[in-house]
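Student: Could you look at this predicted model? Sequence included:
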Amino acid sequence: MTRIFLAICVITSIFLSAACVDKGGNNTTVATGDTIKVGVYGDLTGQTSSFGQSTKNGIELAVEEINNAGGVNGKKIQLVVEDDQGRPEQAKTVVSKLINQDKVVAVLGEGASTNSLAAAPVAQEAKIPMITPSSTNPKVTETGDYISRVCFIDPFQGSTMAKFAATTLKAKTAAVLGDVNSDYSKGLTKFFEEEFNKQGGKVIANESYTQTDPDFKGQLTKIRELKPDVLYIPGYYGQVGIIAKQARELGMNIPLLGGDGWDSPELWKLGGAALKDAYISNHYSADNPAPEIQNFVKAYEAKFKVVPDSLAALAYDAAKVLADAIKRAGGTDSAKLKDAINATKNFAGVTGTITLDEKRNAVKPAVVLSLDPAASKFTFKETIYPEGMTPPTASTNTANGNTSSNTTSNTTSNTNSNSATNSTANTSTTNKSVSDSK
Amino acid sequence: MDTFVQQLINGLTIGSIYALIALGYTMVYGILRLINFAHGDIYMVGAYAGFILATSLGFASQPSAFGFVVTLIGSMIIAAGIGMAIERFAYRPVRKYSKMTTLITAIGMSLLIEYLFVFFFSGTPKSFPQLLPSDNITLFGNATISTSQILIFIVSLLLMVILQYIIYKTKIGKAMRAVSFNLTSAKLMGINTDFVIAFTFALGSALAAAGGVLTAQYNPKIEPLMGIITGLKAFVAAVLGGIGNIPGAVLGGLLIGAAETLVVGYGDKIGIPSTYRDAVAFAILILVLLLRPAGLLGSNVQEKVYLVMSGEW
Amino acid sequence: MISEKLKLITHRSSLTTQIMNWVKSIIVGIVFIALFYVLNAAMSSTGFFGIGIDDYQARLLVFIAINVILATSLNLINGFTGQFSIGHAGFMAVGAYSSAYFTVTYGKAIETSLGMLGETLASSVVLLIAILIGALVAAVAGLMVGIPSLRLKGDYLAIVTLGFAEIIRIVILNIDAVGGATGYTVGGYANFLWVGIFAVITVVVVHNIVKSDAGRALVSIREDELAAEAMGVNVTRYKVTSFVIGSSFAGIAGVLFAHYNKFLSTNDFQFIKSFEIIIMIVIGGMGSMTGAILGAIIVTILPELLRLLPEFQVGATTFKFADLRLVIFALILILTMILRPQGILGTKEIGDFFKRFRRADKPTGGLE
């Protein structure tokens, strides 16, 4: 028995010698000459790997563009990418590795809130800024002042759809079919319900499914009996496509509503024609003709051979916000960088004008998109603004792609020339801006 | 009433798929006393094989019944080959070792297949092409049945009838039954047990692959980890019906499918939320193993001592 | 009657040798505690006299220790008693979540009421109570799984243990009070010192069990259950006991994991986790204590080493070895089973390599 322990001693001391690190110094500057190391972590091989891949792609595109334009403050950005396989324990480990071993100046990630929640304390304690592109659970940024995000949070997105359902679709009753394993889905469900009740509606059914369910007709049949006006499906495209199909097969012809989890090129293949009469809340609209957005879409398609989804767009923005903050901070000193990131104001991103509020969440409008399965694309329907945000005037329209024109329900092109007249129509409403598109 | 019929149809559809997969489990267990953990993943392999065939042979862009048949049979053949390869290279070398070793090998094989597919095809779900149109037929009231569901019923039934014929009316089937009764005696009678075992694996894998393609027609999302839960439930179905018993596997599959869907549909009336759907299968398993381990149609498990004496245990 | 005779045949050391063994154990224990204390101090932000271990490597060391507990406890059930338990992550989860709920709800209150003891002592008390709770709840879970095991053989038992672990996971997932799908943030009461101490305790306890008469009974059940029963071994009692002990240690590992990782999510307790623990004992050798420890170290370190490997090109796509982590594990498992099913050490212990230093009257280790 003594021998066992001796052996363990030997092994441990080997690690000790390899691990010794001078704890006297601080971690505020990166002494790597002329590159700026930025860490990226996400699920690249696990069950939500499509999200991780999209995120990685968006960041890679942004960094490529930045480096081609000369880098930031003369230095090029070097990405260090790690895979966490979608497991929170791994997320924490890889972020720790990125910060402690690779000595990155900032971390971008993760897509899923659960993993961001796991890893954020590591960044916060090490005083390295972390920007999450698409984690929507409010708790993520509550971890500390080094954690921020460029997307809006669940409360806003959930209530957006509720407002849309109640005011534009004039729905009185709604059913919800959510993903029980997904924090994102549960968050959206909760806030949708709250807002829908506030708007005078009633949620009459709340069913759930798991991502491994072979079919959803059981839950859908139950919902069908109750005859709701709309069905809210705040889940991911992988299941939503089938749910839509099966709902239509069961004869349910009510409008289907969802969130940005629907946004993926695969959605059309899975759902097909069943996706008519459906709407989602999203960060941006790929068919928005504003030049920044179109350039992004073209560049992404050229590099990755597929239309970008909202995760890719958000990741792209997150990377660009970081670069912009590095520029403003004049360097990579972590405290200054953190302050610069948190001070981001009116940054023109492809997902909207990004301003971080005091909780370090992005304040920006959501767009409601209607689905056009025949053309396999999302079409802009309307913009919904957060409380207290005034819709921009005509002069800022080119930067803020979201406030492009009203679309009538059968035209698929946005007519930007109407922007002047539209903005006056927009400014007359406050936070529940409903652009009448009929 | 029409809701109940609807739920029943849904349940039996899923159940048919479980039945197809359960047949493979039960046959392999019958002859080798081995739970082929990797069998559920053959179901997934079948779906992917079908996907590759359909897209590379052009059926995806020109859907047709001919394309469907080719895809189905092609994937069954590919899966049969893979099943035989797994048996030959991973299971046969460890057959002489303890049960624990074979079980662990099977678990390892299952994970190997899953993560190889994740590596090569990425974990992102793919969409299986629609080779046959999926229309809805209203039976009565609100109860509908889709043509994909009818397809599943018909093809499953056909395959089961063919299997029944093979097992009871052909020489190889007789050999399979002999080997499942007593492997050593069958060897002594001159049966090439290695060949019979390989054939059994091939049959089981083909059925599982058919299940995969049929499911993919009904629910087009395919992903590398789709075989885990389905495979496990199919195993429960095999045990429920009586492991080693072929009609039992079919009965078990249908029952599990129905039970699951009815829990989803009506469970909240007795306090079970629909998200406990997967737990239903496990609960049934535990009940069966505790109350009637032989399963519904299985013969009584022989006395342990007798088995020890005959060298089989 | 027969078991009485068995006991007479077994070696019984004299009283002095027993006391000497204890003294030796205590000295070794103190050495270890000192070592862990130094390492633990090195992991803190100020380091140990300026020399420190960064957070990432500290994490690895802690996970090695936690995995040692998991592997050793599973080894008791699978390796020594020969049962097919493949749902060990379920026990870990049960221990983790129950203790986490306790510390999150009552931790602060207890700490303030014990304020007079000083901060370290107060938080240690909370941790110890948490460990007790986690171990107990996990033991109950082990009991629930162990009892059906009496009627089930081999493969069936494996599926049932797997099913239990999944059911546990699904149930926890549906309890919003412990975070549900979001995850549960937990206080950081555990550090390397505690984790190391409990790793040592686990190894010592299981080692003592294995070397004792009870251990021989377990091994006899593994080798031939029918014969063991015929020889008078109470198979039922031993099987259930090994499950309960194994599961409670897994629960302790869960508590330590929860309070070191400071975050719990059911995504970390899926079948993959159970599979990783199985690989640990299979690689090391299922009947060997040293093997389990060795396996734990390998399985923890290997994926991290894979990250250091460069990318490679196949056709037009670049791959990273780290992505193949699970494929590599599965391959190692299968190849081990085909080529060397007894694992690296088989049933040998590290002591067997030092046979020439062994004194004549000491019994050799393990049954070959």
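Tutor: Received the coordinates, thanks.

Student: which residues does A:I66 contact?
Tutor: Contacts for A:I66 were tallied using CB atoms under 8 Å, 6 or more residues apart in numbering or on different chains; they are A:72, A:77, A:319-320, A:323. All C-beta spots, glycine's among them, are computed from the backbone N, C-alpha and C.

Student: In strands, which of the residues you listed appear?
Tutor: The strands, defined by DSSP state E, take in A:I77 from the contacts of A:I66.

Student: For the contacts of A:I66, which single residue is the most surrounded?
Tutor: Compared across the contacts of A:I66, A:A319 has the highest neighbour count, 29 neighbours, by other CB atoms under 10 Å in any protein chain shown.

Student: ok, for it, nearest residue in space, not its chain neighbours?
Tutor: Nearest non-adjacent residue to A:A319, counting by CB to CB, 6 or more residues apart in numbering or on different chains: A:A62, 3.6 Å away.

Student: which residues does that neighbour contact?
Tutor: If you count contacts by CB under 8 Å, 6+ apart, A:A62 has them with A:315-317, A:319-320, A:323.

Student: Dump the residues you listed into JSON lines; add pLDDT as well.
Tutor: Output for the contacts of A:A62, formatted as JSON lines (pLDDT from 0 to 100):
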{"residue": "A:A315", "pLDDT": "94"}
{"residue": "A:Y316", "pLDDT": "94"}
{"residue": "A:D317", "pLDDT": "93"}
{"residue": "A:A319", "pLDDT": "94"}
{"residue": "A:K320", "pLDDT": "93"}
{"residue": "A:A323", "pLDDT": "92"}
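
Student: Looking at those, which is nearest chain B?
Tutor: Chain B lies nearest to A:A315 out of the contacts of A:A62, by CB to the nearest CB, at 16.0 Å.

Student: Would you map the strands across the stretch 1-150 of chain C?
Tutor: Assigned by DSSP state E, counting those that start in this stretch, the stretch 1-150 of chain C shows strands spanning C:51-53.

Student: List the contacts of the closest residue to C:N261 other than its chain neighbours.
Tutor: Nearest residue to C:N261, sequence neighbours excluded (CB to CB, 6+ apart): A:E89, at 6.1 Å. Listed by CB under 8 Å, 6+ apart, the contact partners of A:E89 are A:118, C:261, C:263, C:265, C:268.

Student: any idea which element A:E89 lies in?
Tutor: Assigned by DSSP states H and E, A:E89 belongs to helix A:88-100.

Student: between the contacts of A:E89, which has the most around it?
Tutor: Scoring the contacts of A:E89 on neighbours with other CB under 10 Å, the highest-scoring entry is A:A118 at 29 neighbours.

Student: residues in contact with residue 140?
Tutor: In the absence of a named chain, this looks at chain A. A:V140 sits next to A:113, A:116-117, A:120, A:132, A:147, A:149 when contact means CB under 8 Å, 6+ apart.

Student: Chain B was what I was after
Tutor: B:2, B:5.

Student: which phi and psi does it have?
Tutor: As for B:F140, its main-chain torsions (degrees, to the nearest 10) stand at phi -160, psi 150.

Student: Is it bridged to anything, and to what?
Tutor: B:A143 (DSSP bridges).

Student: Tell me the spacing between the residue nearest to A:A319 and B:L112.
Tutor: Using CB to CB, to the nearest Å, one obtains 37 Å as the distance from A:A62 to B:L112.

Student: Checking the closest residue to A:T45 other than its chain neighbours next. Helix, strand or coil?
Tutor: Distances taken as CB to CB, 6+ apart place C:D323 nearest to A:T45, at 4.8 Å, with adjacent residues excluded. At C:D323 the chain is in helix, as set by DSSP: H, G, I helix; E, B strand; the rest coil.

Student: Could I get the pLDDT score of C:D323?
Tutor: C:D323 is assigned a predicted lDDT (pLDDT) of 78.

Student: wait, isn't it in contact with A:D83?
Tutor: Yes. Under the criterion of CB atoms under 8 Å, C:D323 makes contact with A:D83 at 6.2 Å.

Student: who touches both of these two?
Tutor: A:44-45.

Student: And the two? Which one has more around it.
Tutor: Taking other CB under 10 Å, C:D323 and A:D83 do not tie; A:D83 has more neighbours (23 against 19).

Student: I'd guessed that one sits against A:G42; true?
Tutor: Yes. Using CB under 8 Å, A:D83 is in contact with A:G42, at 7.2 Å.

Student: where do the contact lists of these two overlap?
Tutor: Joint contacts of A:D83 and A:G42 (CB under 8 Å, 6+ apart) are A:G52.

Student: still on that earlier bit, tell me the mean pLDDT over the helix holding A:E89?
Tutor: On average, helix A:88-100 scores 93.

Student: Number of residues surrounding the closest residue to B:A47 other than its chain neighbours?
Tutor: Among residues not flanking B:A47 along the chain, B:G212 sits closest, at 3.6 Å (CB to CB, 6+ apart). Using other CB under 10 Å, the number of residues around B:G212 comes to 34.

Student: what helix or strand is B:G212 on?
Tutor: Assigned by DSSP H and E, B:G212 belongs to helix B:193-218.

Student: For that helix, which residues meet the burial criterion?
Tutor: B:193, B:196-218 (16 or more other CB atoms under 10 Å in any protein chain shown).

Student: Can you pull out the low-pLDDT segments for the chain?
Tutor: Picking chain A for this. Within chain A, the segments meeting pLDDT under 70 span A:1-33, A:388-438.

Student: ah, I was thinking of chain C
Tutor: C:1-13, C:45-51, C:314-318, C:351-368.

Student: Please compute how far the helix holding B:G212 lies from its chain's middle.
Tutor: 8 Å (CA atoms, centre = their mean, to the nearest Å).

Student: What of stretch B:211-227?
Tutor: The answer for stretch B:211-227 is 13 Å, by CA atoms, centre = their mean.

Student: per-domain residue ranges of chain C.
Tutor: C:23-53, C:54-357 (automatic domain parsing).

Student: Can you report how many residues lie near the nearest residue to C:L264 once chain neighbours are set aside?
Tutor: Of all residues not flanking C:L264 in the chain, C:Y184 sits nearest, at 4.3 Å (CB to CB, 6+ apart). Neighbour count for C:Y184, taken as other CB under 10 Å: 22.
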